[in-house]
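A.B. asks: after the sequence you'll find the predicted model.
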Amino acid sequence: MTTQSDIKKLSEQMAGSMNSFDDIKDFQKQLMQSFIDTALEAEMEDHLGYPKHEKADKPNKRNGHTKKTVRSDTGDLEISTPRDRDGDFEPALVRKHQSRISGLDDKIIFLYAKGQTTTEIVESIKELYDVDISSSLVSRVTDNILEDITVWQNRPLSSVYPIVYLDCIVVKVRQDKQIINKAIYLALGVGLDGKKRAAWHVAIRE
């Protein structure tokens, strides 16, 4: 495992070549890309059961690489995923057909909750993280959240909550092309098993 001392030594070695925050960002991107490529090779080694360049009397062998671009917090990364002849290698770190390896979904949801439109979210992600995303991606992420909310709203509730906590928070939301304050009243119920569960919430404009 990398220790704080290892990180400090690496920082000291690289400090002389870093003249701006852009240099630091580029180095972070290269480091991330190198780490992913190395980790994928380690996954392939574990899958095949023998190290790279070592001869082994096994039917399944390495079969080149597939290059693809994935989006991350440090920008777009060009990664190289190893292939095997049998075609049954399933990498865990970056799955097949996976196009994002970061918390971009969380960032999109955060900006959405702040009341930003789809276009504004695309522009914010580009400005903050230098990553190009499409409006359709933002829509898919927010639609998934709406589906989760619908499932939560339709879940069965217990008939008895011995203890109920009530609270209220005020948030800013976008409505009718303007930002308004809404009071969200929350009810947290304690079930017979002692576990706390959000029972319901309602939003009322102030």
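C.D. replies: Ah, there it is.

A.B. asks: mind checking how far the residue nearest to D76 when sequence neighbours are not counted is from Y50?
C.D. replies: For D76, ignoring the flanking residues on the chain, the nearest one in space by Cβ to Cβ, 6 or more residues apart in numbering is T69 at 5.4 Å. Backbone N, C-alpha and C define where each C-beta goes, glycine included. Taking Cβ to Cβ, to the nearest Å as the measure, T69 falls 30 Å from Y50.

A.B. asks: any idea how this protein splits into domains?
C.D. replies: 1-102, 103-155, 160-205 (automatic domain parsing).

A.B. asks: got the ones you listed as CSV, with mean pLDDT and mean neighbour count columns?
C.D. replies: Output for these, formatted as CSV (pLDDT from 0 to 100; neighbours: other Cβ atoms under 10 Å):
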stretch, mean pLDDT, mean neighbour count
domain 1-102, 77, 13
domain 103-155, 75, 14
domain 160-205, 76, 12
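
A.B. asks: follow-up on the earlier one: assumed the residue nearest to D76 was part of a strand.
C.D. replies: Yes - counting by DSSP: H, G, I helix; E, B strand; the rest coil, T69 is found in a strand.

A.B. asks: so who does the residue nearest the centre of the chain touch?
C.D. replies: Nearest to the mean C-alpha position of the chain, by Cα atoms, centre = their mean, lies G103 at 2.5 Å. Neighbour list for G103: D73 [criterion: Cβ atoms under 8 Å, 6 or more residues apart in numbering].
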